[in-house]
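Chemist: predicted model and sequence below, questions to follow.
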Amino acid sequence: MNDAALKPQPAAFAEARAGILLPLPLKGPYDYRLSRPLARGTLVVAPLGPREALGAVWCECEGSLDDSKLKSAEVLEGAPRLPAALCDFIDWVAHYTLNPPGVVLALALRARQAFEPETMRTAYVRGRVTPSRTTAARTRVLSAVEDGLARSVSAIAEDANVTPQVVRGLIAAGALVETDLPEFAPLPAPDPDAASPTLSDEQRAAADALTAEIRAHHFSVALLDGITGSGKTETYFEAVAEALRQNRQILILMPEIALTVQFLDRFAERFGCRPAEWHSDLSQKERRRIYRAVLRGEARVVVGARSALFLPFSELGLIVVDEEHEQAYKQEDGVIYHARDMAVVRGRLEQCPVILASATPSLESYVNAASGRYLWLRLSNRHGDAVLPEIRLIDLRQTPPEPGRWISPPLEEALEMALASGEQAMLFLNRRGYAPLTLCGACGHKMVCRNCSAWLVEHRYHRKLACHHCGFEMPTPIQCPECKAEKSLVACGPGVERVAEEFARLYPEARMAIASSDTFHGPAETQAAIRAMAKREIDVLIGTQIMAKGHHFPQLTLVGVVDADLGGSDGDLRASERTFQLLHQVSGRAGRAAKPGIVLIQTRNPDDRVLKALASGDREAFFARECEERKRVHAPPFGRLAALILSSHDGEAVREAGRALARAHPAARGVTVWGPTPAFYQILRGRTRERLLVQADRAVDVQAYLRTWLERVKLPNSVRLAVDVDPVSFF
Ligand code: ADP
Ligand code: ZN
């Protein structure tokens, strides 16, 4: 990443007027008059046409309009202010991703109501009156409120173990009296010394290095590179504890926050309470509560999805990016950014350490660590007596399953043994639903989405076909929509549901569950399956990549990868890296406690270098090969990429726009422009898509290049342009 040439902004302005940034796709800040000079980041309400908008004081006035001609903006009650480093971060992200700054500001103002004055709620404390009638229940209530704390009716009832009616009776009698409490109870404060573990020597060494960075109060990046089960979490918890002792705020980023139950429990064990959470499933009220708590510094530790990067921390002392290699860190809509890279940027602007943790680091981070730019902390042993599992490839050409089945004889045998000895197993297939393709046996017609050029995936339990891109669904038809043949549609290929069906037929007695992001009854069911697996209430878990990450199942000894050849043929430059990471992570679930684990990988390409590297456990050889390959084609991290994606409901307009854009590209040393070409999914959500790709040497300022280019072309209104700097997906 190159340093953007951004104009630094002073933290305070002398004049009672300023450029106000509004959370809207405008070119830049608008000038407004203020009642007094305000610091950068101060939130105001500004008139905008017939409306009013929330905005932030951003810079000195651009124009030279007379004060009398400027509209005035009003400061919010209590003058809440986005911290200066967050304002700089917003400018930086906007510059890097080629978005208007207001659009990025919108990411940081997601909880508008958080700035409204706090409402109070009713609570009760002991009154002067002693009730004439006493019962055991009433006595319990009166002793529960003796501590003098104000509580709601339901909280008192719960503490005293009585019904709310008993509490209300005492209110009526005057024994409890009303008082006001702030709308939200304060968040519990994590205690750095609640339960410190005894670390192994290598964990201790890594933890010491991390705590030294925290104490230094400066920016640095550490790659915590430890094999699966080596205790990366325990190790970076020591850094979290140190940052807490230093009275700093801590942000822990997770790729998929909805699936971090085990993590939250572990955090609570270590620090005595759960951290604050930030993700898209929060209710409005929770959102408002957490945002406010972060802004006021009351939230000390926040665990969040990528959007948590834009929270208004004022005392940030550490950012942890867990499973830093995860593709889920890439935001693919709206402002397209990579949360791992932006975490490093925010760390630099905040002058605080950043920890990237993974067992399979991204090639980018690996290269940065190997070159000494990042601190490289390695954990090469599993915690306790656990050892890494043995990994074996099953050649499906030699020992194929019967036609229409997916579990090969060697895998079946291994499952048999695991079940017979009372151990747990996991079958992994990175494909949701029952079958990825439904085809008419009579005429060959393929069932495709009506909005996308993609196959419809059968979900047999719900008796429907679904598009995984736009959400379109239809009941599975009885006859072919094309040739009208009855019952001619056949399911092709396996999804997790189909493997589960086969498994259930083989082992009707075994307790089995499916874990996939669209399991029958939603994410709660997946979480329940993960909990049940941890508690040994099920024998076999069958699932998608959801189970690959971070989970710790001590009794799991066998992992079967149903189809390792999936995803190898995307034709994108990160396909091998991704396959390696995913299969390695899945394998890492096996044998995490006393019993050794085994991983069986079914493939038709046992000579594939990725699979060979996996089986031999030779990660360094894999990275070395992958680096050579990327160097050869000037791919990241040895070169830069940016994608331009044009889309429109009008196919001809988008193709013409693609050609016009390509013709206008500036010639520059070290830059090659490819395309336009139809995107892999040529049509998504009804929009036809064309792609162009910019490939540049590392020294090239890609943002400047793109700006020059895009200023030359005026696209028709019907065509939308998305800029994806450092793309990770090429669809
Ligand atoms: P990783 O994230 O590297 O895969 P984890 O942090 O999940 O590994 O650790 C694996 C298991 O080992 C967890 O159950 C964790 O609680 C346990 N563990 C790791 N280090 C220690 C330690 N020093 N003391 C006690 N338990 C530990
Ligand atoms: Zn679709």
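Modeler: Arrived safely, thanks for sending. Ligands and ions are numbered 1, 2, ... in the order given.

Chemist: give the contact list for residue 456.
Modeler: 438, 447-449, 465-467, 472, 474 (C-beta atoms under 8 Å, 6 or more residues apart in numbering). Glycine gets a C-beta too; all of them are placed from N, C-alpha and C.

Chemist: could you identify the most distant pair in those residues?
Modeler: The largest separation in those, counting by C-beta to C-beta, is between 438 and 472 at 13.9 Å.

Chemist: for the stretch 151-300 of the chain, what spans make up the strands?
Modeler: Applying DSSP state E, counting those that start in this stretch to the stretch 151-300 of the chain gives strands spanning 176-182, 220-226, 249-253, 276-278.

Chemist: let me know which of the ones you listed is tucked in deepest.
Modeler: Among these, strand 249-253 has the highest mean neighbour count (mean count of other C-beta atoms under 10 Å), at a mean of 26.

Chemist: closest one of the contacts of residue 456 to residue 459?
Modeler: Closest approach between these and residue 459, by C-beta to C-beta: residue 466, at 5.6 Å.

Chemist: pLDDT score assigned to the closest residue to ligand 2 within the stretch 151-300 of the chain?
Modeler: Closest to ligand 2 within the stretch 151-300 of the chain is residue 280: 21.3 Å, counting by C-beta to the ion. In the predicted model, residue 280 carries a pLDDT score of 82.

Chemist: burial count for it?
Modeler: When neighbours are counted by other C-beta atoms under 10 Å, residue 280 registers 12.

Chemist: in strands, which of the contacts of residue 456 appear?
Modeler: Judged by DSSP state E, strands contain the following of those: 438, 465-466, 474.

Chemist: hang on, the earlier thing: closest to ligand 1 out of the strands of the stretch 151-300 of the chain?
Modeler: Among the strands of the stretch 151-300 of the chain, strand 220-226 comes nearest to ligand 1, with 4.8 Å by C-beta to the nearest ligand atom.

Chemist: with only the CA atoms kept, save that closest one in PDB.
Modeler: C-alpha atoms of strand 220-226 as PDB (Å, rounded to 0.1, in the frame of the first residue of the first chain):
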ATOM      1  CA  SER A 220       3.700  -2.000  14.600                       C
ATOM      2  CA  VAL A 221       2.300  -5.000  12.900                       C
ATOM      3  CA  ALA A 222       2.900  -8.500  14.300                       C
ATOM      4  CA  LEU A 223       2.000 -11.700  12.400                       C
ATOM      5  CA  LEU A 224       1.000 -14.300  15.000                       C
ATOM      6  CA  ASP A 225       1.700 -17.400  12.900                       C
ATOM      7  CA  GLY A 226       0.800 -20.500  14.800                       C
END
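
Chemist: which elements pack onto it?
Modeler: Counting by 3 or more C-beta pairs under 8 Å, 6 or more residues apart in numbering; DSSP states H and E, the packing neighbours recorded for strand 220-226 are helix 201-216, helix 232-245, strand 353-358, helix 363-370, strand 375-379.

Chemist: what does the fourth one contact?
Modeler: Helix 363-370 is contacted from outside by 221, 223, 225, 324-325, 340, 356, 358, 361, 374-376, 577, 623, 626-627, 630, 636-637, using C-beta under 8 Å, 6+ apart.

Chemist: now stretch 496-515
Modeler: For stretch 496-515, the external contacting residues (C-beta under 8 Å, 6+ apart) are 405-407, 412, 415, 419, 427, 429, 431-435, 459-461, 491, 516, 520, 526, 529-530, 532-533, 537-544, 546-547, 562.

Chemist: list the contacts for residue 189?
Modeler: Counting by C-beta under 8 Å, 6+ apart, residue 189 has contacts 273, 300.

Chemist: what do you get if the cut-off is 10 Å, keeping everything else the same?
Modeler: 244, 271-273, 298-301 (C-beta atoms under 10 Å, 6 or more residues apart in numbering).

Chemist: and for residue 192?
Modeler: Counting by C-beta under 10 Å, 6+ apart, residue 192 makes contact with 237-238, 240-246, 270-272, 300.

Chemist: so how far is residue 272 from the nearest residue to it once chain neighbours are set aside?
Modeler: In space, and not counting its chain neighbours, residue 192 is closest to residue 241: 3.7 Å by C-beta to C-beta, 6 or more residues apart in numbering. As for residue 241, its distance to residue 272 is 11 Å (criterion: C-beta to C-beta, to the nearest Å).

Chemist: does anything pack onto the host helix or strand of residue 659? Which helices or strands?
Modeler: Taking DSSP states H and E as the definition, residue 659 sits inside helix 651-663. Packing contacts for helix 651-663, counted by 3 or more C-beta pairs under 10 Å, 6 or more residues apart in numbering; DSSP states H and E, involve strand 639-648, strand 671-684, strand 687-697, strand 720-725.
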